[in-house]
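Novice: pasting the structure only:
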């Protein structure tokens, strides 16, 4: 990182050589002005009003415009003789708790880099003193032609300085708050608390500039000769007529975005008496699905069913065998009965034939 200012931190009688570097950077996409008919660049030229001719940067100086419109020239030499003790020094004037600094006063942020090996020891001393005291240092410094107010704090292993606005540069919030008497009941506060708990916290590192990404897609499409992507139509919201309904719908939408099931009490009223409240739907957060252990009960039930089927098959097979055995026994009995009947008939026939034979024998004898 390139330094933009060289000086020293004045810490009592201790002087710490430092270099000032920017702690932030701008990633916004910038545009040029062009002539819409032929695409030519539009440039601003610095022209002297008296001579009506363009002048170079070397010919341009500073001046203060008086109330009557006259110009009072101010040279760099005049500015170098200003009675500023902070011309090249960041002068620490106090150490205060961090919550004493109003965030409205926050301005640009810088890193303070130790200026060489001799500055390492006092730089580390100031850093560790700020850490142990849990305080920030309030300092005055001069940058770009004016004296400024700053706040020094520890960021990692470095010392950062936030430019601060002077207290009289921060406007009082007069006429900003509603001038009507408004009463908020406990139920509304409870729903607001529930919405805050449902939304929870977020890692700031996950946030990014979606507008810049969409703008880059448009530029890439135009450069490739393609039509720029169309933005999806925003979801239409109803008129916010009931604060309670809006809070309830907001809690429900927040729970759905987190993959949670909203209870019936959190949802909107089912009687349809209230119109839809306008709710901004949150992007669905990615969650890692938990793997549930495999259940063994269905396998056991299936095994049981198979065992029962086997038993049923065995029973039916046994019944078939018993039936076949009974049928065979019955057939054998019938055969025996028929055989007995035949034998009986044969005996009767023999008995009848015997007297006939005896009669014939008698006739032959006579």
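Specialist: Cool, the structure landed. Given the structure is predicted, the values throughout are model-derived calculations rather than measurements.

Novice: low-confidence ranges in the stretch 101-250 of the chain?
Specialist: 234-241 (pLDDT under 70).

Novice: Helices of that one, start to end?
Specialist: For the stretch 101-250 of the chain, the helices defined by DSSP state H, counting those that start in this stretch occupy 120-133, 186-199, 210-223, 243-257.

Novice: Give me the buried positions along the third one.
Specialist: Of the residues in helix 210-223, none are scored as buried under the neighbour-count criterion (16 or more other C-beta atoms under 10 Å). Glycine gets a C-beta too; all of them are placed from N, C-alpha and C.

Novice: any idea how far residue 256 is from residue 187?
Specialist: 22 Å (C-beta to C-beta, to the nearest Å).

Novice: Distance to residue 46 added to the helices of the stretch 101-250 of the chain, as a markdown table?
Specialist: Shown next, in a markdown table, are the helices of the stretch 101-250 of the chain (distance: least, C-beta to C-beta, whole Å):
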| stretch | distance to residue 46 |
| --- | --- |
| helix 120-133 | 43 |
| helix 186-199 | 52 |
| helix 210-223 | 30 |
| helix 243-257 | 53 |
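
Novice: so which of the ones you listed gets nearest residue 65?
Specialist: Closest to residue 65 of the helices of the stretch 101-250 of the chain, according to C-beta to C-beta: helix 210-223, at 38.0 Å.

Novice: Identify the residues contacting residue 33.
Specialist: 41-42 (C-beta atoms under 8 Å, 6 or more residues apart in numbering).

Novice: if you set the cut-off to 10 Å instead, what comes out?
Specialist: By C-beta atoms under 10 Å, 6 or more residues apart in numbering, the residues touching residue 33 are 40-44.

Novice: same thing with residue 118?
Specialist: Residue 118 neighbours (C-beta under 10 Å, 6+ apart): 16-17.

Novice: Can you tell me how far it is from residue 171?
Specialist: For residue 118, the distance to residue 171 equals 44 Å [C-beta to C-beta].

Novice: ditto for residue 47
Specialist: 36 Å.

Novice: Which one of the two is surrounded by more residues?
Specialist: Between residue 47 and residue 171, counting by other C-beta atoms under 10 Å, residue 47 is the more crowded of the two (11 against 8).

Novice: list the contacts for the closest residue to that one other than its chain neighbours?
Specialist: In space, residue 47 comes closest to residue 54 once its chain neighbours are excluded; the distance is 5.4 Å by C-beta to C-beta, 6 or more residues apart in numbering. By C-beta under 10 Å, 6+ apart, the contact set of residue 54 is 45-48.

Novice: Go again with 7 Å.
Specialist: 45-47 (C-beta atoms under 7 Å, 6 or more residues apart in numbering).

Novice: In helices only, show me those.
Specialist: Within these, no residue falls in helices by DSSP state H.

Novice: Let me know the closest of those residues to residue 194.
Specialist: Nearest member of the contacts of residue 54 to residue 194, counting by C-beta to C-beta, is residue 46, at 59.7 Å.

Novice: So which of residue 187 and residue 256 has more stuff around it?
Specialist: residue 256 (14 against 10).

Novice: This protein - how does it break down into domains?
Specialist: Domains of the chain are assigned by automatic domain parsing as 1-33+83-170, 185-230+238-284.

Novice: Quick one: closest of the ones you listed to residue 60.
Specialist: Of all these, domain 1-33+83-170 sits nearest to residue 60, with 15.0 Å by C-beta to C-beta.

Novice: sorry, back to before: can you convert the contacts of residue 33 into CSV and add a column each for secondary structure?
Specialist: As requested, the contacts of residue 33 are exported to CSV (DSSP: H, G, I helix; E, B strand; the rest coil):
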residue, secondary structure
40, coil
41, strand
42, coil
43, coil
44, coil
